[in-house]
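*Asks:* starting from these lines, generate the structure:
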Amino acid sequence: MTRSPRSSRSASRRADVAVVGGGVVGTACALALAEAGLQVVLLEHAEPTPWDVARHDPRVYAFAPDNAALLERLGAWASIRGARAHPYRAMHVVDAAGGAPLRFEADAFAERELGWIVENGLLQDRLWARLREAGVQVRCPARVVGLERHDDHVVLTLEDDLRIEAAVTVAADGGQSTLRTLAGIEVDAHDYGQRGIVAYVATERPHADTAWQVFLPTGPLAFLPVDPWPGAANVCSIVWTLPEDEAARVRALDDAAFGDAIARASRGLLGAVCPLTPRLAFPLRRQLARTQADGRVLVLGDAAHTVHPLAGQGVNLGLRDVAALAASVADARARRVAWDAPHGLARWARARRSDNVASAHA
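*Replies:* A predicted model of the protein is given here:
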């Protein structure tokens, strides 16, 4: 690894960790490392839009219980659940090619729910609200344009020429990560040639707090249960995976035709379907960083792994990166050894990449 000589110019700010990226995973990482006793600075180019109960973010997650527990430790989960987090207590999977449906019930695991459906904007809003109280320094707007590596620290140069010196820096700035690129960390990418269509819909039949999924020859269609809307008692967020051309055709349908297409594709599981919002579409690809630690540069969340939305694992995998890193730091500090020792960071990276690669390919 090539390292720059120590700069004669002092960094304007110093921290134990500089987290680049203030999305859900990056913000949770900053909070978790601050909770573990580190001095943390969070760098983000734009503050998130304040969450508004009257708006419904089209980007939702099937949030897992272990990650809810993480956010509870960070002091954010109670306000998220109190705002709008809908539990799902069952999962019903149908293969259009035939065979009996698969059904998973929370009761079978002695749990009240399998998870929650939560909006991205709500998660980000509540996590940002915790930053100041947790003692995290926030620089926003901030864009990283340079990276220097040294044996015992890194230096980030920002667009405004401010320099941030930290023992470790974390790339949590998304699939097109600037910091990952500056670090020279390569990725393996696979384009599925598909798009995911997302929208909110009202259904004729109750969703029964169940996540419904239909596997079709063209790709899966998922109904994720959410809270009622004014005038609509049964509401779901849909994610419909389709080949590029078919996605463009379906997205262009008028509301009535789009609702009919969903009802037919889902084999009428929830009866008639009525769109409530315009539909959006996003390209689907798998992308995996070849390592999650290169010296003192760590990579996590979408910067490390972008996966198919089929199992709703994207944000869950990212938050497991965070939980494992925070646990590693806390363990090292409890044993009074260096939390940023290279072998410790490498051990975290190997374990997390193994899990993330398995999940992405599965």
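*Asks:* so where's the longest strand in this protein?
*Replies:* What stands out as the longest strand in the chain, according to DSSP state E, is strand 187-203.
*Asks:* report the buried residues of it.
*Replies:* Within strand 187-203, the residues that qualify as buried are 187, 194-203, counting by 16 or more other CB atoms under 10 Å. Any C-beta I mention is one placed from the backbone N, CA and C, and that applies to glycine too.
*Asks:* will you turn these into a markdown table that also has pLDDT and distance to Pro58?
*Replies:* Listed next are the buried residues of strand 187-203 as a markdown table, based on pLDDT from 0 to 100; distance: CB to CB, whole Å:
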| residue | pLDDT | distance to Pro58 |
| --- | --- | --- |
| Val187 | 96 | 26 |
| Gln194 | 94 | 18 |
| Arg195 | 95 | 14 |
| Gly196 | 94 | 11 |
| Ile197 | 96 | 10 |
| Val198 | 96 | 5 |
| Ala199 | 97 | 7 |
| Tyr200 | 98 | 7 |
| Val201 | 98 | 12 |
| Ala202 | 98 | 15 |
| Thr203 | 98 | 17 |
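*Asks:* output the longest strand of the chain as CSV, nothing but the C-alphas.
*Replies:* Provided in CSV are the C-alpha atoms of strand 187-203 (Å, rounded to 0.1, in the frame of the first residue of the first chain):
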residue,chain,number,x,y,z
VAL,A,187,-16.1,-3.4,-6.8
ASP,A,188,-17.6,-6.4,-8.6
ALA,A,189,-20.9,-5.4,-10.2
HIS,A,190,-23.7,-7.2,-12.0
ASP,A,191,-26.6,-5.4,-13.7
TYR,A,192,-29.8,-7.4,-13.6
GLY,A,193,-31.3,-5.7,-16.5
GLN,A,194,-34.4,-5.0,-14.4
ARG,A,195,-36.1,-2.1,-12.6
GLY,A,196,-38.0,-2.1,-9.4
ILE,A,197,-41.3,-0.2,-9.6
VAL,A,198,-42.4,1.2,-6.3
ALA,A,199,-45.7,2.9,-5.3
TYR,A,200,-48.4,2.9,-2.6
VAL,A,201,-51.6,1.1,-3.4
ALA,A,202,-55.0,0.4,-1.8
THR,A,203,-56.2,-3.1,-1.9
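*Asks:* below-threshold pLDDT in the stretch 1-150 of the chain: ranges please.
*Replies:* 1-12 (pLDDT under 70).
*Asks:* so where do the helices sit in it?
*Replies:* 24-35, 65-73, 77-84, 120-128, 131-134 (DSSP state H, counting those that start in this stretch).
*Asks:* which elements pack onto the second one?
*Replies:* Going back to what we said before, that points to helix 65-73. Helices and strands touching helix 65-73, by 3 or more CB pairs under 8 Å, 6 or more residues apart in numbering; DSSP states H and E, are helix 24-35, helix 77-84, strand 115-119, helix 314-334.
*Asks:* over to the third one?
*Replies:* With contacts defined as 3+ CB pairs under 8 Å, 6+ apart, helix 77-84 has these neighbours: helix 65-73, strand 115-119, helix 120-128.
*Asks:* give me the contacts around it.
*Replies:* Under the criterion CB atoms under 8 Å, 6 or more residues apart in numbering, residues 51, 53, 68-69, 71-72, 116, 118-119, 122-123, 126, 129, 226-227 lie in contact with helix 77-84.
*Asks:* mind listing the helices for the stretch 201-350 of the chain?
*Replies:* Under DSSP H, counting those that start in this stretch, the stretch 201-350 of the chain gives helices at 244-251, 255-265, 314-334, 342-361.
*Asks:* if we can go back for a sec, and which of the buried residues of strand 187-203 is nearest to Ala265?
*Replies:* Of all those, Ala265 sits closest to Ile197, with 10.9 Å by CB to CB.
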